[in-house]
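Chemist: Structure here, sequence nowhere to be found:
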DNA sequence: ATTTTTATTTTGTCTAAATAAAAAAATGGC
DNA sequence: GCCATTTTTTTATTTAGACAAAATAAAAAT
């Protein structure tokens, strides 16, 4: 074994699997199932089984047949690096190239696979070492450290505080249309003025306008506290 | 045939072949040979034959067995788009991320494959619609138009004119070491003061310093006239 | 005109990744 | 504890791309 060869080459599609396992694993304590991965990646369970064996051989996942899969430390590091790259590119697209929040994902999905440590370090610096992406999700540091998410539901903001609208929980057409009519858009500054006790509805100030919105709305809007 | 499906999906390695054919074709009038492509791409002639047949099926090249290959209009458009993307990314890396001229190629080689028209348009705008890359090579416009190269050899500059050092013709270690000792670097502004008739050597002003360099040196340094 | 050399293509294998169909293991209900 | 169902794995194929060895075409030399 050549000691200077202690890094593993990870292919593009292996990276995609690692990311899927990482994101599925976040919301649960148990190991991630083959079917769940297949569904998320729009592929077949048989393909997933195959890949899990390979990833296991490379030491990126802990895999017990029929028992689901978890990431090893190596796998977690790989995943965090991908998340870091994805989110930094998203910041770049929005801050520097004037993309809107909803256009960035597909492109960032490609850019995150570019392999160059220097590129990412320089990009990070160029962007002013941002801590969150345009959706309010935290950007892991180079060594994999994380701020806990500062993204909250609007309904959880306390009275008097201000947040910037960074995303939606319900991304259905009807909801987006509704937001459009109410002229609520990504990036808007929202200050919570008052909460009605009996129905949980909120009085808010949004870019100078006063608005009264139902609890349901406030439950489906993500904001980033400022 | 669905008329809205008039674009061909080109895979990553197809793109690499197209680029190789394009660059080899520039320097010659005849069709490009299989072996030449193989040598440039560090692959085997058999692999090239295989790929040429595929590219021909897709209408990207004109291919006659044993007779070499040329790009179709479609192929040229594809190549120019790749060159455009490659060079724009190089400008980005140098202007925005402080890469040096010699570090950009490998990364740009990856970035050029990112598929998003909007991304490139926005990047172009962000960079101020540059006409040349950091090596002084021209950047094709969106519809494939080209300024002729404004890159020259230092020896071809006329007396009194100024150029910015953008590259080397001879990239041997000895030459690069020599430049280093003489403190001649990429980006330096060089003004030609005088040319000695009998040996073609040049007196130059480089960032305020006076220097006397041989014809051989002047023949291996590229400058971009200002 | 024939032979030799060189360039190119064909053929058969190989690997990575995907799929469908078949087999095996796990699980929930009784 | 056993059966039916669901989940997962295995096996056999497929496709894109690459390569080595063998075959063939073109060019050069005799």
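Modeler: Cool, got the structure. Just so it is clear, the structure is predicted and the values come from calculations on it, not from any experiment.

Chemist: Please list the residues of chain A that sit near DNA strand C.
Modeler: Within chain A, the residues that sit near DNA strand C (CB under 7 Å from any atom of the strand) are A:11-14, A:43-44, A:46-47, A:50-51, A:54, A:66-67. Where C-beta positions appear, they are placed from N, C-alpha and C, glycine not excepted.

Chemist: is DNA strand D contacted by the helix or strand containing residue A:36?
Modeler: When elements are assigned from DSSP states H and E, residue A:36 belongs to helix A:34-41. Yes. Interface with DNA strand D: helix A:34-41 contributes A:34-36 (CB under 7 Å from any atom of the strand).

Chemist: now stretch A:52-65
Modeler: Yes. Under the criterion of CB under 7 Å from any atom of the strand, stretch A:52-65 makes contact with DNA strand D via A:52-53, A:63, A:65.

Chemist: Could you list the buried residues of that stretch?
Modeler: Residues of stretch A:52-65 classed as buried: A:52, A:55-56, A:58, A:60-63 (neighbour count, 16 or more other CB atoms under 10 Å in any protein chain shown).

Chemist: What of stretch A:78-96?
Modeler: Within stretch A:78-96, the residues that qualify as buried by neighbour count (16+ other CB under 10 Å) are A:78-94, A:96.

Chemist: before we move on, what about stretch A:214-223?
Modeler: Using 16+ other CB under 10 Å as the test for burial, stretch A:214-223 gives A:217-218, A:220-223.

Chemist: Of those, which belong to helices?
Modeler: For the buried residues of stretch A:214-223, the ones inside helices are A:217-218, with DSSP state H as the criterion.

Chemist: Just read off the phi/psi values of residue A:172.
Modeler: As for residue A:172, its main-chain torsions (degrees, to the nearest 10) stand at phi -70, psi 160.

Chemist: and it, what is it in contact with?
Modeler: Contacts of residue A:172 were listed using CB atoms under 8 Å, 6 or more residues apart in numbering or on different chains, and none were found.

Chemist: and it, how far is that from residue A:179?
Modeler: As judged by CB to CB, to the nearest Å, residue A:172 and residue A:179 stand 11 Å apart.

Chemist: buried subset of the residues of chain A next to DNA strand C?
Modeler: With burial judged by 16+ other CB under 10 Å, the buried subset of the residues of chain A next to DNA strand C is A:14, A:43, A:51.

Chemist: Out of the residues you listed, the closest to residue A:183 would be?
Modeler: For residue A:183, the nearest member of those is residue A:43. The distance, counting by CB to CB, is 40.2 Å.

Chemist: my hunch is that the closest one is in a helix, does that hold up?
Modeler: No. With DSSP: H, G, I helix; E, B strand; the rest coil as the criterion, residue A:43 is located in coil rather than a helix.

Chemist: ok, now how distant is it from DNA strand D?
Modeler: Between residue A:43 and DNA strand D the distance is 11 Å, computed by CB to the nearest atom of the strand, to the nearest Å.

Chemist: Kindly report the same for residue A:71.
Modeler: Taken as CB to the nearest atom of the strand, the spacing of residue A:71 relative to DNA strand D amounts to 15 Å.

Chemist: which parts of stretch A:145-164 are buried?
Modeler: Across stretch A:145-164, burial judged by 16+ other CB under 10 Å covers A:150-152, A:154-155, A:157, A:163.

Chemist: ok so, going back, mind giving me the packing neighbours of the helix holding residue A:36?
Modeler: Contacts defined by 3 or more CB pairs under 8 Å, 6 or more residues apart in numbering or on different chains; DSSP states H and E place helix A:34-41 against helix A:12-26, helix A:45-57.

Chemist: What are the contacting residues of it?
Modeler: Under the contact criterion CB under 8 Å, 6+ apart, helix A:34-41 has outside partners A:16-17, A:20-21, A:23-24, A:44-45, A:47-49, A:52, A:68-69.

Chemist: and the residue most central in space within chain A, how far is that from residue A:148?
Modeler: When chain A is reduced to its mean C-alpha position, the closest residue under CA atoms, centre = their mean turns out to be residue A:137, at 5.5 Å. Counting by CB to CB, the separation of residue A:137 from residue A:148 is 11 Å.

Chemist: just residue A:94 next, same as before
Modeler: Applying CB to CB, the value for residue A:94 to residue A:148 is 22 Å.

Chemist: follow-up on the earlier one: list just the nearest of the residues of stretch A:52-65 next to DNA strand D to DNA strand C.
Modeler: residue A:65 (7.1 Å; CB to the nearest atom of the strand).

Chemist: Could you check how far the top helix by length along chain A is from the centre of its chain?
Modeler: Selection of the longest helix in chain A by residue count, based on DSSP H, yields helix A:73-91. In terms of CA atoms, centre = their mean, to the nearest Å, the centre of helix A:73-91 is found 10 Å from the chain centre.

Chemist: what does the helix or strand of chain A with the lowest mean pLDDT contact?
Modeler: Of all helical and strand segments in chain A, the minimum by mean pLDDT, DSSP states H and E falls on helix A:173-181, at a mean of 86. For helix A:173-181, contacts defined as CB under 8 Å, 6+ apart pick out A:168, A:185, A:217, A:220-221.

Chemist: same thing with stretch A:91-109?
Modeler: Stretch A:91-109 has contacts (CB under 8 Å, 6+ apart) with A:86-87, A:89-90, A:123, A:126-127, A:130, A:133-135, A:139, A:166-167, A:186-187, B:96, B:114, B:116, B:118-119, B:122-123, B:126.

Chemist: Whichever of those end up buried, select them in PyMOL.
Modeler: In PyMOL, this line selects whichever of those come out buried by 16+ other CB under 10 Å:
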select buried, (chain A and resi 86+87+89+90+123+126+130+133+134+135+139+166+167+186) or (chain B and resi 96+114+116+119+122+123+126)
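
Chemist: mind giving me the domain ranges of chain A?
Modeler: Chain A breaks down into these structural domains: A:12-71, A:152-225 (assignment by automatic domain parsing).

Chemist: didn't residue A:136 look like it was pressed against residue A:224?
Modeler: Yes. Counting by CB atoms under 8 Å, residue A:224 is a contact partner of residue A:136 at 3.8 Å.

Chemist: any shared contact partners between those two?
Modeler: Applying CB under 8 Å, 6+ apart, one finds that residue A:136 and residue A:224 are jointly contacted by A:150-151, A:164, A:166.

Chemist: Out of the helices and strands packed on helix A:34-41, which is closest to residue B:197?
Modeler: Proximity of the helices and strands packed on helix A:34-41 to residue B:197 was assessed by CB to CB; the nearest stretch is helix A:12-26, lying at 58.7 Å.

Chemist: from the middle of its chain, how far away would the closest one be?
Modeler: Average the C-alpha atoms of helix A:12-26, do the same for its chain, and the two points are 13 Å apart (CA atoms, centre = their mean).

Chemist: and that helix, what other elements does it pack with?
Modeler: Under the contact rule (3+ CB pairs under 8 Å, 6+ apart), helix A:12-26 is packed against helix A:34-41, helix A:45-57, strand A:69-71, helix A:73-91.

Chemist: taking the mean pLDDT, what do you get for the next helix or strand after the second one?
Modeler: Think helix A:45-57. Using DSSP H and E, the next helix or strand after helix A:45-57 towards the C-terminus is strand A:61-63. On average, the pLDDT along strand A:61-63 is 96.
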